[in-house]
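K.L.:
build me a model from this:
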Amino acid sequence: MRAVRGRVFRPPPRHEENGSMPDLPFDDEHAPLYSLGQVAEMLQVQQAFLRRLDQHDVIRPSRSSGGQRRYSRRDIIIVQHVTRMTQEGMTLIAIRRILELEHEVVVLRQQLKEARARLRDLE
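P.N.:
Reported below is the predicted structural model:
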């Protein structure tokens, strides 16, 4: 233990099997950790812009038990991508469709990879 800003710091317990640190929420890029205000400040965008993205189903952040929007690191990356597209003059409807198509490409690539692996197994 050591003092950090007048507080006693206790390191988190380690996994017994391998001595590694436990998985923490901020290790998960999908963990909803950031508030609307934090994300707006990080990305230098208006909070209203983030609300509009949610209203137009461009991005769907999680909600806290109190109903507040909570963004993950993955959500923040998507908002950055969306921000660049809006700066290029794209509409939110077009951006939503682009995101849908990008997701479909990822899914199709994974399916192709799996199909190729099955083919190799058959040979």
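K.L.:
report the central residue of the chain.
P.N.:
residue 74 (1.6 Å; Cα atoms, centre = their mean).
K.L.:
my guess is that one meets residue 30, correct?
P.N.:
Yes - if you go by Cβ atoms under 8 Å, residue 74 and residue 30 touch, sitting 5.5 Å apart. Where you see a C-beta, it was placed from the backbone N, CA and C, and this is true even at glycine.
K.L.:
surely residue 83 is in a helix?
P.N.:
Yes - Residue 83: assigned to a helix according to DSSP: H, G, I helix; E, B strand; the rest coil.
K.L.:
right, and it touches residue 43 too?
P.N.:
Yes - using Cβ under 8 Å, residue 83 makes contact with residue 43 at a distance of 6.4 Å.
K.L.:
pLDDT below threshold where in the chain?
P.N.:
The chain contains residues with pLDDT under 70 at 1-29, 32.
K.L.:
residue ranges for the strands of the chain, please.
P.N.:
2-4, 7-9, 34-35, 62-63, 69-71 (DSSP state E).
K.L.:
can you give me the helices in the protein?
P.N.:
Assigned by DSSP state H, the chain shows helices spanning 36-43, 47-55, 73-87, 92-122.
K.L.:
next one: the shortest one to chain centre, how far?
P.N.:
Its chain's average C-alpha position is 14 Å from that of helix 36-43, according to Cα atoms, centre = their mean, to the nearest Å.
K.L.:
residues making contact with it?
P.N.:
If you take Cβ atoms under 8 Å, 6 or more residues apart in numbering as the criterion, helix 36-43 is touched by 34, 45-47, 49-51, 61, 68-69, 71, 75-76, 79-80, 83.
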